[in-house]
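Engineer: here you go, sequence then predicted model.
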2 protein chains.
Amino acid sequence: MMTVSVREVAEDAGVSVGTVSNVLNRPEKVSPATVSRVQASIARLGFVRNDAARQLRAGRSRTIGLVVLDIRNPFFAEIARGAEERADENGLSVLVANSDEKQQREARHLDLFEEQRVTGVLVTPVSESLPRLAQMQERGTPIVLVDRESHDERMASVAVDDVEGGRVAMEHLLSVGRRRIAFVGGPVALRQVADRLSGAQAAAAEEGAGVEFISTSALTVEEGRRAGRQILARNRADRPDAVFAANDLLALGVLQSLVMTGDARVPEDIALIGYDDIDFAAAAVIPLSSVRQPAAPIGSTAVELLLRSIDDPDGDYERNVRFRPELIVRASTAG
Amino acid sequence: MMTVSVREVAEDAGVSVGTVSNVLNRPEKVSPATVSRVQASIARLGFVRNDAARQLRAGRSRTIGLVVLDIRNPFFAEIARGAEERADENGLSVLVANSDEKQQREARHLDLFEEQRVTGVLVTPVSESLPRLAQMQERGTPIVLVDRESHDERMASVAVDDVEGGRVAMEHLLSVGRRRIAFVGGPVALRQVADRLSGAQAAAAEEGAGVEFISTSALTVEEGRRAGRQILARNRADRPDAVFAANDLLALGVLQSLVMTGDARVPEDIALIGYDDIDFAAAAVIPLSSVRQPAAPIGSTAVELLLRSIDDPDGDYERNVRFRPELIVRASTAG
DNA sequence: CTGTTAGCGCCTTCAT
DNA sequence: ATGAAGGCGCTAACAG
């Protein structure tokens, strides 16, 4: 495989490399006849611009890196969609990398994006990678935290108040008469999990109720099933009468366990609420109550903030956008 | 923001750039004392290797590009997971780009990956982009088709026989006594859709049954809901007694329409089967029958083939891997 | 073991 | 409107 460069194209077309470059980037500066001759050569030789070389000169790529916690979570897929939409309008491409909730993978991907000198990085960090991210930003790669508040005016973020969301979910469970409530989630190192839990605890405390913590190792359907089985393994009397799952994947897993065995009815024996309100929540065996986060807007807003932080680094605008969570009540907590 | 290069690091550490490069790439060739001195400088200055420059020399990046039809489809998310897993073992990163079933977006992403000189591209093409892909491959970017057969010994592919899958689904519907069967899917330009439909039609023909084609503009839950509403808008007598949806997202959408209105029972009035067997299929209101494709293995096998095609371009191994679809029967078609 | 140097392919002045 | 030349940051080959 021959690697065709601008030189070959120039030779083939009988012009100089400068002219080829102009045809590529500013065709209006070149006579039409020359343009078409060069384009013909490009096509004939199958020339493909080398982005590395281009970037090396330009300094930055036309790419936005998005690092998500779990690519299989529809919530993040939807964020990606929102981000793409907005990036596309600006001629930027979004490349998605999956940390799979693993610190090490996240680090690798961040390194990669930084080394690639991407236009910017949108990231839902696994845990306390904030210092590392702050560093990246200082070195020139703008960062926007996604689904995570920054608490630092200098780092942009798009978040939903998870403490509030946890509170809302818990208040709802209390309002339908539940008192022995379990929170299923983890790892708590994930800020989302910690915040939702603490919101829930605060709300429970106000009613004199407690919250049992059932820990999971990841926010997946599989782990939800495990938690469900764990609950079913107990005596009926020891089971919670409601479960608040840290996200919908967990909730759907729990639901599958409970319903499949038929040993506990939802919501009669155990009410269940999730978080995120992914599309599949509404379509579940027992339609799932949830706390909705506006995923697509979160993604597009993140890109928006990124672009602003580049075009107008010192502008006076809100860098920490916060959406409000919204309670969605369905059959899994009805009655 | 100062862009720190190897030169600065070299100066700071009092060594030459060659030594810095060696510390970076072959530390064993450098004395321990020098290594740690250089590393200290790297840390102090916040040096980040410029991947563009590195690639410019190396020729290729350590990245695999994955272009999926729909990032919100858990089937593709799972493929991405499988691919990552395998890539990770080889020190490669998978970057996911979403074509959203749009020809133009796909083209943009393919261009980007080619310009970036990625190690290779895994792609589920929107439609007949095969010539374009063949070209890419000839120019030196290895391609592996995903969820799509190549029919060309020179281009690798990992696919599941969709004609067979369509047949299997249809035979199942026939076997539970259905005769007025509708296929919900589209656009037919998607090979997956066309193949599943033709398999279904063939199986139906053998039983003297026909297949009504209800077309959708995309393989999404939303479009499925639309198709469901369309079915409900008819007189009961004109409705099909079974629906085969081209994928699970559509099927879940159809299911939501049917169940939410309560105007048609599943499976009594209308049996329903989907395709892919995503995790959420089993958790649906009425657990969804489906045709399973082994998503994660498809992804990891694709990476596997890619690596082989690079390490052993002329080796004698099967470049067109084909998995078998597997019928999964659940309540949505039971009885 | 360390230093020097020649490009990788492109873009962008600066001349012509 | 076109051409010539320097350099982006890095690595590998070669010298020392």
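Structural biologist: The structure has been received and is ready for your questions.
Engineer: mind listing the helices for the stretch 1-150 of chain A?
Structural biologist: Assigned by DSSP state H, counting those that start in this stretch, the stretch 1-150 of chain A shows helices spanning A:6-13, A:17-25, A:32-45, A:51-58, A:74-88, A:103-115, A:130-138.
Engineer: let me know which of those helices is tucked in deepest.
Structural biologist: A comparison of the helices of the stretch 1-150 of chain A by mean neighbour count, using mean count of other CB atoms under 10 Å in any protein chain shown, puts helix A:74-88 on top with a mean of 24. For every residue, glycine as well, the C-beta is placed using N, CA and C.
Engineer: which strands and helices sit next to that one?
Structural biologist: For helix A:74-88, the helices and strands in contact under the criterion 3 or more CB pairs under 8 Å, 6 or more residues apart in numbering or on different chains; DSSP states H and E are strand A:63-68, strand A:93-98, helix A:295-311, strand B:93-98.
Engineer: buried residues, the third one. List them.
Structural biologist: Of the residues in helix A:295-311, those scored as buried under the neighbour-count criterion (16 or more other CB atoms under 10 Å in any protein chain shown) are A:295-309.
Engineer: DNA strand C: which of those residues is nearest?
Structural biologist: Relative to DNA strand C, the closest of the buried residues of helix A:295-311 is A:Leu307; by CB to the nearest atom of the strand it sits at 19.8 Å.
Engineer: isn't that closest one right up against A:Asn90?
Structural biologist: Yes. Counting by CB atoms under 8 Å, A:Leu307 touches A:Asn90, with 6.3 Å between them.
Engineer: ok, back up a step: quick one: the helices and strands packed on helix A:74-88 as CSV, columns for distance to DNA strand D and mean pLDDT too.
Structural biologist: Converted to CSV, those look like this (distance: least, CB to the nearest atom of the strand, whole Å; pLDDT from 0 to 100):
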stretch, distance to DNA strand D, mean pLDDT
strand A:63-68, 17, 97
strand A:93-98, 21, 96
helix A:295-311, 18, 96
strand B:93-98, 16, 96
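Engineer: could I get those as JSON lines with distance to A:Phe183?
Structural biologist: Converted to JSON lines, these look like this (distance: least, CB to CB, whole Å):
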{"stretch": "strand A:63-68", "distance to A:Phe183": "23"}
{"stretch": "strand A:93-98", "distance to A:Phe183": "26"}
{"stretch": "helix A:295-311", "distance to A:Phe183": "22"}
{"stretch": "strand B:93-98", "distance to A:Phe183": "32"}
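Engineer: tabulate the ones you listed in JSON lines, adding columns for distance to DNA strand C.
Structural biologist: Shown next, in JSON lines, are the helices and strands packed on helix A:74-88 (distance: least, CB to the nearest atom of the strand, whole Å):
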{"stretch": "strand A:63-68", "distance to DNA strand C": "15"}
{"stretch": "strand A:93-98", "distance to DNA strand C": "16"}
{"stretch": "helix A:295-311", "distance to DNA strand C": "17"}
{"stretch": "strand B:93-98", "distance to DNA strand C": "21"}
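Engineer: so which of the ones you listed gets nearest B:Ala33?
Structural biologist: Set against B:Ala33 and scored by CB to CB, the helices and strands packed on helix A:74-88 come closest in strand B:93-98, at 32.9 Å.
Engineer: what's the closest one packed up against?
Structural biologist: helix A:74-88, strand A:93-98, helix A:103-115, strand B:63-68, helix B:74-88, helix B:103-115.
Engineer: hmm, 6 Å instead?
Structural biologist: strand B:63-68, helix B:74-88 (3 or more CB pairs under 6 Å, 6 or more residues apart in numbering or on different chains; DSSP states H and E).
Engineer: quick one: the first one to strand A:93-98, angle?
Structural biologist: When you say that, I think you mean strand B:63-68. Between strand B:63-68 and strand A:93-98, the angle comes out at 100 degrees (axes from the mean of the first three to the mean of the last three CA atoms, to 10 degrees).
Engineer: could I get the helices of the stretch 1-150 of chain A as a markdown table with mean pLDDT?
Structural biologist: Converted to a markdown table, the helices of the stretch 1-150 of chain A look like this (pLDDT from 0 to 100):
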| stretch | mean pLDDT |
| --- | --- |
| helix A:6-13 | 91 |
| helix A:17-25 | 91 |
| helix A:32-45 | 91 |
| helix A:51-58 | 91 |
| helix A:74-88 | 97 |
| helix A:103-115 | 95 |
| helix A:130-138 | 92 |
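Engineer: wait, which of the ones you listed is closest to A:Leu174?
Structural biologist: A:Leu174 sits nearest to helix A:74-88 of all those, at 25.2 Å, using CB to CB.
Engineer: pull the CA atoms of that closest one into PDB?
Structural biologist: Taking C-alpha atoms only, helix A:74-88 is exported to PDB below (Å, rounded to 0.1, in the frame of the first residue of the first chain):
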ATOM      1  CA  PRO A  74     -28.900   3.900  27.600                       C
ATOM      2  CA  PHE A  75     -28.600   7.100  29.700                       C
ATOM      3  CA  PHE A  76     -25.100   7.600  28.400                       C
ATOM      4  CA  ALA A  77     -26.000   6.600  24.900                       C
ATOM      5  CA  GLU A  78     -28.500   9.300  24.900                       C
ATOM      6  CA  ILE A  79     -26.100  11.800  26.200                       C
ATOM      7  CA  ALA A  80     -23.800  10.800  23.400                       C
ATOM      8  CA  ARG A  81     -26.500  11.400  20.900                       C
ATOM      9  CA  GLY A  82     -27.200  14.800  22.300                       C
ATOM     10  CA  ALA A  83     -23.600  15.700  22.200                       C
ATOM     11  CA  GLU A  84     -23.100  14.500  18.700                       C
ATOM     12  CA  GLU A  85     -26.100  16.500  17.400                       C
ATOM     13  CA  ARG A  86     -24.600  19.700  18.700                       C
ATOM     14  CA  ALA A  87     -21.000  18.900  17.700                       C
ATOM     15  CA  ASP A  88     -22.100  18.000  14.200                       C
END
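Engineer: cheers, nothing more for now.
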